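*Asks:* Provided below for reference: sequence and predicted model.
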Amino acid sequence: MQLYIPQNIFVQIAIPLLIFLARAADVSMAAMRIIFVTRGIRALAAIIGFFEMLIWLVGVTQIMQNLNNPINYIAFAAGFSMGTFVGITIEKRIAIGNLAVQFITDKDPAGLLTYFRANGYGATTIDAQGTFGPVKIIFIIVRRKLLDRTLDIIKKFDPDAFYTIGDVRTAARLSPVI
């Protein structure tokens, strides 16, 4: 026994759903591709780019073949929004790469630096002069996955510390020139 699905239901429901899912997938992939490009992971970025465009073509083809259905346009736009949300969510979960955390404190960071170094963080301190007197500037390179934990440690050490966070494309120790 064959299931009969009226053509109109397929065009009104299945095609917009396909467009929505295709657009959500290709935009999520675009977000990941951009992240891999900025991190220098070229091969994976290229592979994702291939599938991203293939999926995009499927979605656009369906719209072009069904121009008379305005629901398709809404599905395309909604898929873009969902793909943006999903792409950002995936990026936060995989947290690839390193970050440079710099913070300024007027407290003695000796114990904190010992803790960071004992736990595998690279940490450098510089004496500086702030608006209200002498301060220390501490530079730390951390894996993105450890950022929240690192900030919690800094906030416990000095709740008034001023900090900035920046992306690090490459972090390496240079050998001395002989």
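*Replies:* In hand now; what should we look at?
*Asks:* give me the low-pLDDT residue ranges for this protein?
*Replies:* 1-7, 11, 170-178 (pLDDT under 70).
*Asks:* so where do the helices sit in it?
*Replies:* 7-9, 15-38, 42-65, 70-94, 110-118, 147-157 (DSSP state H).
*Asks:* Tell me which residues of the fifth one come out buried.
*Replies:* In other words, helix 110-118. 112-113, 116 (16 or more other CB atoms under 10 Å). Backbone N, C-alpha and C define where each C-beta goes, glycine included.
*Asks:* how about these in a markdown table, adding distance to Ala14?
*Replies:* A markdown table is the format used below for those (distance: CB to CB, whole Å):
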| residue | distance to Ala14 |
| --- | --- |
| Leu112 | 58 |
| Leu113 | 60 |
| Phe116 | 55 |
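*Asks:* tell me the domain boundaries of this structure?
*Replies:* What automatic domain parsing lists as the domains of the chain is 8-94, 98-168.
*Asks:* which of those domains is buried the deepest?
*Replies:* Highest mean neighbour count of the domains of the chain: domain 8-94, a mean of 16 (counted as mean count of other CB atoms under 10 Å).
*Asks:* starting at the chain centroid, how far to it?
*Replies:* Centroid displacement of domain 8-94 relative to its chain, using CA atoms, centre = their mean, to the nearest Å, is 17 Å.
*Asks:* can I get the helices of the chain in JSON lines with distance to Val168?
*Replies:* Shown next, in JSON lines, are these (distance: least, CB to CB, whole Å):
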{"stretch": "helix 7-9", "distance to Val168": "52"}
{"stretch": "helix 15-38", "distance to Val168": "11"}
{"stretch": "helix 42-65", "distance to Val168": "18"}
{"stretch": "helix 70-94", "distance to Val168": "16"}
{"stretch": "helix 110-118", "distance to Val168": "16"}
{"stretch": "helix 147-157", "distance to Val168": "12"}
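*Asks:* so which of those comes closest to Phe103?
*Replies:* Nearest to Phe103, of all the helices of the chain, is helix 147-157, at 5.5 Å by CB to CB.
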